[in-house]
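A.B. asks: sequence and predicted structure are below.
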Amino acid sequence: MARCFDETPSQSTRASQVWQILVCKATNRQTLTYGQLATYLGFRRAGTLAHILGHIMHYCIQNDLPPLTVLVVNQDTGLPGEGLIGADLNADRETVFNFNWFGLIPPTATELANVYAKAG
């Protein structure tokens, strides 16, 4: 039976949903705002995204992957949030755009939760 992400709304489950969104955006060389991402997830506000994106950021760091979360930006500044770890925004974004994301098996919610806890 098909299941929906909002049926198990843990941060790690939502992070696995966001992973899919970001991979599609990377493949299309697109960014998206925190507000757009919140809308995709069915959230009323973008303020709840920090921990969800943190799961993905730490997964990328711990697995030596390009910083996929660099694609999520503030609508006013066009920049990622302050918590993003990265040295060169433009270079990081190009690395994300050029990486073969569809060549990876996506991380499970459990894997995302484990790396987030480890980074904690």
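C.D. replies: Good, I have the coordinates. The structure displayed is predicted, hence computed values, not measured ones.

A.B. asks: and the longest helix along the chain, how far out from the chain middle?
C.D. replies: The single longest helix within the chain, with elements called by DSSP state H, is helix 11-27. A distance of 5 Å separates the centroid of the chain from that of helix 11-27, by CA atoms, centre = their mean, to the nearest Å.

A.B. asks: tell me which residues of it come out buried.
C.D. replies: 11-19, 21-23, 25-26 (16 or more other CB atoms under 10 Å). Backbone N, C-alpha and C define where each C-beta goes, glycine included.

A.B. asks: so which elements touch the helix or strand just after it?
C.D. replies: Remark: after helix 11-27, the chain's next helix or strand is strand 32-33, criterion DSSP states H and E. Secondary-structure packing of strand 32-33 (3 or more CB pairs under 8 Å, 6 or more residues apart in numbering; DSSP states H and E): strand 72-73.

A.B. asks: pull out the CA atoms of the very next helix or strand once past the strand it packs on and give them to me as PDB.
C.D. replies: Using DSSP H and E, the helix or strand that follows strand 72-73 in sequence is helix 89-98. C-alpha atoms of helix 89-98 as PDB (Å, rounded to 0.1, in the frame of the first residue of the first chain):
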ATOM      1  CA  LEU A  89      28.700  29.400  -2.600                       C
ATOM      2  CA  ASN A  90      29.000  29.600  -6.400                       C
ATOM      3  CA  ALA A  91      31.600  26.800  -6.700                       C
ATOM      4  CA  ASP A  92      29.500  24.600  -4.300                       C
ATOM      5  CA  ARG A  93      26.400  25.200  -6.300                       C
ATOM      6  CA  GLU A  94      28.200  24.300  -9.600                       C
ATOM      7  CA  THR A  95      29.500  21.100  -7.900                       C
ATOM      8  CA  VAL A  96      26.000  20.200  -6.800                       C
ATOM      9  CA  PHE A  97      24.600  20.900 -10.300                       C
ATOM     10  CA  ASN A  98      27.200  18.800 -12.000                       C
END
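
A.B. asks: nice, that's everything, thank you.
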